[in-house]
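Undergrad: Sequence and predicted structure are below.
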Amino acid sequence: MRRASRSQATLDIILVEDDDADAKAVHRALEKSQVAKPAARLTDGVEALAYLRGETGTPPSHYVLLVDLNMPRMNGLELLAEIRRDSRLHGAVAFLLTTSADFGDIAAAYEQNVAGYIVKENAGTGFADLVGTLDHYRRLVELPRIEVRH
């Protein structure tokens with residue numbers, strides 16, 4: 001049996017975030033660290049699903065999703081539910097990144113098999129702790145390959 005190769009040197013991050021300031025801060029932190037690179041930034045779940053399904057672009061074959069909870073049109077939990085129902089996308093690795101520390105939101109996120117629930121205020125100054133977590137994650141975890149077939 002062939003062993004999966006170690007994930008690439010940097011992570012491809014697909015950021016689903018409607019707040020421009022937060023998106024810019026995450027983008028800056030990722031670029032500065034060289035741990036991960038932003039592959040795409042989408043502003044809501046509808047836009048993200050279209051991208052992930054290859055309808056509006058070509059997502060990388062290995063990626064980690066950083067998904068905001070509260071977004072217009074389709075929120076983060078609704079997006080995750082759609083991803084988990086999609087036979088091509090259901091294995092996608094996703095972290096929820098949000099301002100909500102509500103126990104109900106946390107439970108609902110883990111019901112959608114998130115890799116982690118990160119409250120933005122706990123992500124560190126300039127999202128430094130988030131980047132550190134992603135650095136550890138990329139060095140230890142093999143990501144699933146997600147192919148978009150047309």
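TA: Nice, thanks for sending it over.

Undergrad: With adjacent residues omitted, what lies nearest to K120?
TA: Closest residue to K120 in three dimensions, ignoring its sequence neighbours and counting by Cβ to Cβ, 6 or more residues apart in numbering: T99, at 5.2 Å. (Glycine included, C-beta is placed from N, CA and C.)

Undergrad: buried stuff in stretch 120-136?
TA: Residues of stretch 120-136 classed as buried: 120, 123, 127, 130-131, 133-135 (neighbour count, 16 or more other Cβ atoms under 10 Å).

Undergrad: can you redo those as a markdown table with pLDDT, distance to Y51 and secondary structure?
TA: Shown next, in a markdown table, are these (pLDDT from 0 to 100; distance: Cβ to Cβ, whole Å; DSSP: H, G, I helix; E, B strand; the rest coil):
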| residue | pLDDT | distance to Y51 | secondary structure |
| --- | --- | --- | --- |
| K120 | 91 | 23 | helix |
| A123 | 81 | 23 | coil |
| F127 | 84 | 22 | helix |
| L130 | 87 | 21 | helix |
| V131 | 86 | 23 | helix |
| T133 | 88 | 24 | helix |
| L134 | 87 | 20 | helix |
| D135 | 87 | 25 | helix |
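
Undergrad: now, which of these sits nearest H27?
TA: Relative to H27, the closest of the buried residues of stretch 120-136 is F127; by Cβ to Cβ it sits at 9.4 Å.

Undergrad: Could you check how far the closest one is from E31?
TA: Noted for F127: a distance of 11 Å to E31, by Cβ to Cβ, to the nearest Å.

Undergrad: name the element the residue positioned nearest the centre of the chain belongs to?
TA: Here the mean C-alpha position of the chain is nearest to the C-alpha of L65 (Cα atoms, centre = their mean), at a distance of 1.3 Å. L65 is part of strand 64-68, with elements assigned from DSSP states H and E.

Undergrad: Which neighbouring elements make contact with that strand?
TA: strand 11-16, helix 76-85, strand 93-98 (3 or more Cβ pairs under 8 Å, 6 or more residues apart in numbering; DSSP states H and E).
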